[in-house]
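*Asks:* based on what follows, work out the 3D shape:
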Amino acid sequence: MDTSQSKIIGVSIVPHTTAPEMRYAQQRGAGPASLVRLFVKGGGIPGMFNGKTPAELLKSGDWAWHDTATAIEGTAETLSVWSFNGKSAAWGPGNTFTLDGDGIEKATIRIEQPKAAITTVTYRGPDGAIHPDRIVVHVRNDNKVALKVTGIRIWSPTPEAPWQHLHAGAWIPVNIAIAAADTGIIQKHIPNLSLSYAAVEVRTTSGNLWGYTRIKAEHFAISAGWINNEGSDAHKDPVFLSLLKSLHVDTAHYQELSGYSDNPELFNKYKLRRFNKLEPIDVYSKPEKLIDVHAVEFLGEPQYGGGKPVPPQEIYDKLLPYRSSPLPTSVTHSEERIWRWYAGLSDFPHYDAYRVVAPAADQWMKYDRWGGKKIRWGAPLETIGVMCRSLRELNQPMPCAYWSQGPHEGWDDPFDGRKRRSPTPSELRSQAIHALGARIVSLYWFNLSLNSLMMFPDTWDAMRRVGREIRMVESILLDGDHTAFRKQSLLGAGPDWELSVVSSQDAALCVAADVAYKISDIGQEFVFGKPRAVRFAFLLPGRLRKPVDVFRIDADGVHNVKWQAKADGIVIDDVRSEDALYVAGVSKAVRADVTKRHAAALAHEAKYPVDKVALDALWKRESEKRKKKR
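*Replies:* Okay, here's the model as predicted:
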């Protein structure tokens, strides 16, 4: 083979990060290292890394996982992507490694913190479409000078070609300049995108940037989790399904449910997208099934793994059969302490962590958050945002989601001192808002079974309002990226507010989350104070620093606020507690779009009335049925 035909033309490095705010009983372990992707033009096959095989690096604990065993010989025109996720510090920033193999000249690659990077790649399409026709790419420039972007192209497989072999699309001209320490956005319509893995190449004046993701039409899923209790038939009852749809739920964790998914009339009226193992793969890859697929998810919580974590390489191997299909894969992460080792494994990573009365990976008694008072029943609500930001940064440019704490019948611990065994409406909402501020693109409520919902009906309106607000700003969340985070503290009085910004091309969603909550004297719950005068200073990217309209949104609609533009963003004066959501737009069309979406959300709810009397009767029947089966 002619080695001149095979060379590394791009490198993507995502250094591991850890969240110092989190508290654990155990040490964090090895690392941090880096997630590394090599973009190789030509027909080479990888061999040795620093003189060792990938198998040896796994065994020694230097690597967590790799995909090099799937490499196949290509041609001079094909691009291959070889990925590995380091585990030991020897594979972190500041180190170098050598690579050699069959048909590729020996190369030395430096692992370093990138000065510019693709942070988010999102594919969008018409509502309900399987195939996207638009790409949205966010670029972060950490250089001390401006970065000029001049082009973008997509590398993807040709029809019937192996998923490993990518072919170059045409260069699409881009003409944007991203100031130092700023972010920029590229939006392009690209027809006929295949549902496959793809490399994104962005041409800049400081060298080309690379990203690797699966092409899929992104939508913001709101999931009900496992809706079918063992032995329950609630999933086939219109009364229960109507309640779920009224909460803006459009997804659930199931593959097929007898009496629901095999009942076309019921399924089409109360449609929930699938979220499960989805086998046989070829069946769910067909358009008539694929249209209702959210993601593949069947591995449980591998970081727990029944007490011993499942090795990341084993997770990769279990997901490997889906790589040649159009089905996006997902993994449920659960422990920030070690989830950096699992970075990049799936197409759509998400995590579950709840902050009151639920099992957790972190050590709640170690948090010194409330004037020295230690509690067993809860953890700081704002650590939801901490973990969302961590997961997103470790897996960039992939989309991320969050299992948000909802009502649940099964959390029991008589020794932690708290009577209520699910979140209050305020605790539930706060966790979801922290996640939205960190720019998740799907939210999964845990867990909206009939029993859980009926035991805590006071949470319904809180979830409905969150769902309505998501639908109002869905386009900003999907087209946007998390561009700013800051804390506002009261002098000498502890935490006050956390401010986050999600920015799209023409609008920013500015999220203020109240972190001045207290522990109630009675009931052992987190409680928020009365509305207070606030001044929020939100940092905006350069393209949005001259907004023509800023307004507050909530489930009740759009509201005017007092605001002023500053050199680096906006300042808003308001009276708030718990949280506040604002939108800053560079055109009046942004307010019109949000208002239209609010009306559509209300119309959706009106289609699905909630019949509490009928639900009570259904719950009684189901409870009696469960008693008989015991």
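*Asks:* please count neighbours and contacts with C-alpha atoms only from this point.
*Replies:* Noted.
*Asks:* buried residues in the host helix or strand of residue 11?
*Replies:* Using DSSP states H and E, residue 11 sits within strand 7-15. For strand 7-15, a neighbour-count test (16 or more other CA atoms under 10 Å) marks 7-8, 10-15 as buried.
*Asks:* nearest to residue 168, of the residues you listed?
*Replies:* Comparing the buried residues of strand 7-15 against residue 168 with CA to CA places residue 10 closest, at 13.6 Å.
*Asks:* quick check: nearest residue in space to the closest one, chain neighbours excluded?
*Replies:* Sequence neighbours aside, residue 39 is the residue nearest to residue 10 in space, at 4.9 Å (criterion: CA to CA, 6 or more residues apart in numbering).
*Asks:* before we move on, back to that, other SSEs contacting the strand holding residue 11?
*Replies:* Using 3 or more CA pairs under 8 Å, 6 or more residues apart in numbering; DSSP states H and E, the elements in contact with strand 7-15 are strand 34-41, strand 209-214, helix 383-395.
*Asks:* distance to residue 355 for the ones you listed - can I get that in a markdown table?
*Replies:* Output for these, formatted as a markdown table (distance: least, CA to CA, whole Å):
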| stretch | distance to residue 355 |
| --- | --- |
| strand 34-41 | 29 |
| strand 209-214 | 31 |
| helix 383-395 | 8 |
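*Asks:* export the buried residues of strand 7-15 to a markdown table and tack on pLDDT and distance to residue 314?
*Replies:* Formatted as a markdown table, those follow (pLDDT from 0 to 100; distance: CA to CA, whole Å):
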| residue | pLDDT | distance to residue 314 |
| --- | --- | --- |
| 7 | 94 | 29 |
| 8 | 96 | 27 |
| 10 | 97 | 27 |
| 11 | 98 | 25 |
| 12 | 98 | 23 |
| 13 | 98 | 23 |
| 14 | 98 | 21 |
| 15 | 98 | 22 |
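*Asks:* ok, now which ones touch the residue positioned nearest the centre of the chain?
*Replies:* The residue lying closest to the centre of the chain (CA atoms, centre = their mean) is residue 400, at 1.5 Å. Residue 400 makes contacts with 348-350, 391-392, 440-442, as judged by CA atoms under 8 Å, 6 or more residues apart in numbering.
*Asks:* pull up the gap between it and residue 180, please.
*Replies:* Applying CA to CA, to the nearest Å, the value for residue 400 to residue 180 is 27 Å.
*Asks:* same deal with residue 284?
*Replies:* For residue 284 relative to residue 180 (CA to CA), the value is 45 Å.
*Asks:* higher neighbour count, those two?
*Replies:* residue 284 (21 against 16; other CA atoms under 10 Å).
*Asks:* wait, that one touches residue 292, no?
*Replies:* No: Residue 284 lies out of contact with residue 292 (CA atoms under 8 Å); the separation is 9.1 Å.
*Asks:* between these two, what contacts are shared?
*Replies:* Counting by CA under 8 Å, 6+ apart, nothing touches both residue 284 and residue 292.
*Asks:* contact partners for the residue lying closest to residue 387 once chain neighbours are set aside?
*Replies:* In this structure, residue 387 finds its nearest non-sequential neighbour in residue 336, 6.7 Å apart by CA to CA, 6+ apart. In this structure, residue 336 makes contact with 18-19, 387, 390-391, judged by CA under 8 Å, 6+ apart.
*Asks:* columns mean pLDDT and mean neighbour count on top of the helices and strands packed on strand 7-15, output as a markdown table?
*Replies:* Formatted as a markdown table, the helices and strands packed on strand 7-15 follow (pLDDT from 0 to 100; neighbours: other CA atoms under 10 Å):
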| stretch | mean pLDDT | mean neighbour count |
| --- | --- | --- |
| strand 34-41 | 98 | 24 |
| strand 209-214 | 98 | 23 |
| helix 383-395 | 98 | 23 |
